[in-house]
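# can't give you the sequence, but here's the structure:
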């Protein structure tokens, strides 16, 4: 028996040495061939752009997807992968800055930054615009199928109308769904008041039997296929849905909604900040931004590229609303100090029957 | 004794990939990061004792039980057909059962999504035939359907393997002694096949009770099962403590049910597959 233990001990040591050597070797080889790891929302880029970048700069791009800001944060925080470029939204950028998880971007390396419209610079989540370069933006509202909904849609209340039982799609995303309930109740979507949040929870639980499904990217397929009458969506999805189904209309409810910005940032895990900056600059190039906008359907903040868009798209009220007309829309603020409450509420909504 | 060292690579493997992760889960479930450093806590377990979460557990168990029962009802006759000597298309049948397992599980579940949609394949066919449409996507039924579809082979195969090993002479003896078909099945074949049935039940029940993919896709996030709750803690809430506590509770329940099954099997003198 003692011999067995000895062999086991020797073996274990060998395994550890080999695995250490393997890790070390892996790290070394990564430096010799430049590569960056990009972490973006699913279905949020024309992937041929990545190949073009690889060709132009000789930098390999590893591409990975997330479906909510929260998921991205958890994955970034748990380590494991050294991401170089992320595409979080406003409030998540604020949180990452607060927790000192982002590199400052050297704007001298992003000459294309000049193409970005001034109204998308120095926003609250990054007041001096040191950490982020805007990628896309939009609003949250209700997409509805005009052949299935007769009455005018102008309020979040319709998502609680029993008439549309099993015809409503909600977002499987904590912040966004809670925001809908808060706005319906007339509160700020950045509420820090636990009583208000509890009320929002009750509203969402009350709504649950009417909801067909809590969805992510699949909302597009569902609305195109006429699987549901009403859906909470990001405005950019509407453009893509309308390419295939013209019966879909979009409204920002009168109670107000969420105005959001997704931007590119470089996390501190990045081993190759220079390559990451090249990538960000490349995506901000008007030609490339245009290709992405035409492929994804979301609204871009790139003035030069917008001028190149089809007139019809450029003047579309859904995709390019006048920012001043969005008075009742709020931008998400970081609530990470009370995030346990948000987490708990969302857990309970999802677990309720 | 001398050859025991042969097992050491496996022991190392199991320690690194099974024992250490389990200890980590246990560690996370009973500790909490506070300002004064790491502290022992029962808070994660206490949080579970809320009607909402208990209901999730009950729902998971109920759906898994329903799935197991349906699999047994469908799978046993199927296994018996496969094991019978008279049936000539046995090989093809066996292939057809195993064939879907060569395809990715996720892909097959996604396929059900498009099949079951309101304007999906099944409903299109039904409406052409003038039949009423089926609206079961995002319901309990759809989740159970997905589970049964995915896990049925795990019920059929162990039962088949035990049934096909039953000595024909035992059955003949029972028939010679005057037992009719029902008696022979009830008193001889079924008791002999019990080890297979028990393996089948375990192999279906365990993945069914912990699944989160099937309930996510076919339940549409409407039907949170314990697997989804655990997934949510790790992937979006980032609450590893609560997630680990849920995993520990899950593992305990599986251990207990395995223990009961094992005991039952030993009493019956079985032990064919595990």
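Ah, there it is. Just so it is clear, the structure is predicted and the values come from calculations on it, not from any experiment.
# Find me the pLDDT at residue 11, would you?
I went with chain A, as the question did not name one. pLDDT, residue A:11: 60.
# Chain B was what I was after
Model confidence at residue B:11, given as pLDDT, is 92.
# Quick one: neighbours of it, just the number.
The number of residues packed near residue B:11 is 16, by other C-beta atoms under 10 Å in any protein chain shown. (Glycine included, C-beta is placed from N, CA and C.)
# just the one 4 residues further on next, same as before
For residue B:15, the tally of surrounding residues (other C-beta under 10 Å) stands at 14.
# what helix or strand is the residue of chain A found nearest chain B on?
Among all residues of chain A, residue A:213 sits closest to chain B, at 2.9 Å; criterion: C-beta to the nearest C-beta. Assigned by DSSP states H and E, residue A:213 falls within strand A:211-215.
# List the buried residues in whatever helix or strand comes next after that strand.
Next along the chain after strand A:211-215, taking DSSP H and E as the criterion, comes helix A:219-224. Neighbour-count burial for helix A:219-224 flags A:219, A:220, A:222, A:223, A:224 (criterion: 16 or more other C-beta atoms under 10 Å in any protein chain shown).
# Tell me how far residue A:127 lies from residue A:94.
Separation of residue A:127 from residue A:94 (C-beta to C-beta, to the nearest Å): 10 Å.
# More neighbours: the two, which one.
Higher neighbour count among residue A:127 and residue A:94: residue A:94, with 24 against 10, using other C-beta under 10 Å.
# Run through the chain and note the low-pLDDT ranges.
If you meant another chain, say so; for now it's chain A. Applying pLDDT under 70 to chain A flags residues A:1-32.
# oops, chain B please
Using pLDDT under 70, the flagged stretches of chain B are B:1-2, B:265-274.
# what about 80?
Along chain B, the model assigns pLDDT under 80 to residues B:1-3, B:34-37, B:85-88, B:223, B:261-274.
# need the longest helix for it.
Secondary structure of chain B per DSSP state H: the longest helix is helix B:51-83.
# touching chain A at all, it?
Yes: using C-beta under 8 Å from any C-beta of the partner chain, helix B:51-83 comes into contact with chain A via B:52, B:53, B:55, B:56, B:59.
# you'd agree the third one is up against residue A:353?
Yes: with contact defined as C-beta atoms under 8 Å, residue B:55 reaches residue A:353; the gap is 6.2 Å.
# Now for residue A:285, how many residues are close by?
When neighbours are counted by other C-beta under 10 Å, residue A:285 comes out with 18.
# before we move on, the earlier item: for the residue of chain A closest to chain B, list each beta-bridge partner.
residue A:169 (DSSP bridges).
# mind listing what it touches?
Neighbouring residues of residue A:213 by C-beta atoms under 8 Å, 6 or more residues apart in numbering or on different chains: A:169, A:170, A:222, A:228, B:138, B:220, B:221, B:222.
# go again using 6 Å as the cut-off
A:169, B:138, B:220 (C-beta atoms under 6 Å, 6 or more residues apart in numbering or on different chains).
# ok so residue A:181 is a helix residue?
Yes: assigned with DSSP: H, G, I helix; E, B strand; the rest coil, residue A:181 falls within a helix.
# Residue A:113: neighbouring residues, count only.
Neighbours of residue A:113 under the rule other C-beta under 10 Å: 18.
# ah, wrong one, I meant residue B:95
10.
# any idea how far it is from chain A?
Distance of residue B:95 to chain A, given as C-beta to the nearest C-beta, to the nearest Å: 33 Å.
# ok, and the closest non-adjacent residue to residue A:196?
residue A:187 (4.8 Å; C-beta to C-beta, 6 or more residues apart in numbering or on different chains).
# cool, and residue A:207?
The spatial neighbour of residue A:207 that comes closest, neighbours along the chain excluded (C-beta to C-beta, 6+ apart), is residue A:160 at 5.4 Å.
# What does the one you found show for phi and psi?
phi -110, psi 10 (degrees, to the nearest 10).
# which one of the buried residues of helix A:219-224 sits closest to residue A:302?
Closest to residue A:302 out of these is residue A:220 (23.1 Å), distances taken as C-beta to C-beta.
# Would you mind pulling the contact partners of whichever strand or helix holds residue B:44?
Counting by DSSP H and E, the element that carries residue B:44 is helix B:43-48. Here helix B:43-48 makes contact (C-beta under 6 Å, 6+ apart) with B:29, B:241, B:242, B:245.
# now check the one helix or strand the third one maps to, is it near chain A?
Assigned by DSSP H and E, residue B:242 falls within helix B:240-267. No: remark: helix B:240-267 sits outside contact range of chain A, by C-beta under 6 Å from any C-beta of the partner chain, the gap being at least 8.3 Å.
# Next, the buried residues of that helix.
Under the neighbour-count criterion of 16+ other C-beta under 10 Å, helix B:240-267 has B:240-250, B:253, B:257, B:261, B:265 buried.
# how about the residues of the stretch 51-200 of chain B that lie near chain A?
Counting by C-beta under 6 Å from any C-beta, the stretch 51-200 of chain B sits next to chain A at B:52, B:56, B:117, B:118, B:119, B:138.
# Give me the distance between residue B:68 and chain A.
With C-beta to the nearest C-beta as the criterion, residue B:68 and chain A are 22 Å apart.
# Might you report the residue contacts of that residue?
Residue B:68 neighbours (C-beta under 6 Å, 6+ apart): B:201, B:204, B:205.
# Quick check: the gap between it and residue B:263.
As judged by C-beta to C-beta, residue B:68 and residue B:263 stand 19 Å apart.
# can you check residue B:89 too?
Residue B:89 is 39 Å from residue B:263, by C-beta to C-beta.
# quick one: buried residues of stretch B:60-74?
Residues B:60, B:61, B:63, B:64, B:66, B:67, B:68, B:70, B:71, B:72 are the ones in stretch B:60-74 that count as buried (16+ other C-beta under 10 Å).
# who touches stretch B:72-82?
By C-beta under 6 Å, 6+ apart, stretch B:72-82 touches B:87, B:90, B:93, B:152, B:155, B:156, B:159, B:160, B:163.
# And for stretch A:247-264?
A:85, A:87, A:89-90, A:132-137, A:139-147, A:153-156, A:179, A:183, A:189, A:223, A:238, A:241-242, A:280, A:318, A:326, A:328-329, A:331.
# in that stretch, what's buried?
Those would be A:248-253, A:255-264, for stretch A:247-264 by 16+ other C-beta under 10 Å.
# So what would you say the end-to-end distance of it is?
33 Å (C-alpha to C-alpha, to the nearest Å).
# Can you give me the neighbour number for the nearest residue in space to residue A:111 that is not next to it in sequence?
Leaving aside its sequence neighbours, residue A:111 sits nearest to residue A:281 (C-beta to C-beta, 6+ apart; 6.6 Å). A count of nearby residues for residue A:281, using other C-beta under 10 Å, gives 19.
# any idea how far residue A:281 is from residue A:133?
8 Å.
# three-state assignment of the nearest residue to residue A:128 once chain neighbours are set aside?
Spatially, and ignoring its direct neighbours in sequence, residue A:128 is nearest to residue A:122 (6.5 Å; C-beta to C-beta, 6+ apart). Following three-state DSSP, residue A:122 is assigned to coil.
# does residue A:122 really touch residue A:130, like I thought?
No: applying C-beta atoms under 6 Å as the test, residue A:122 and residue A:130 come out as separate, 9.7 Å apart.
# Please consider this matter closed, and thank you.
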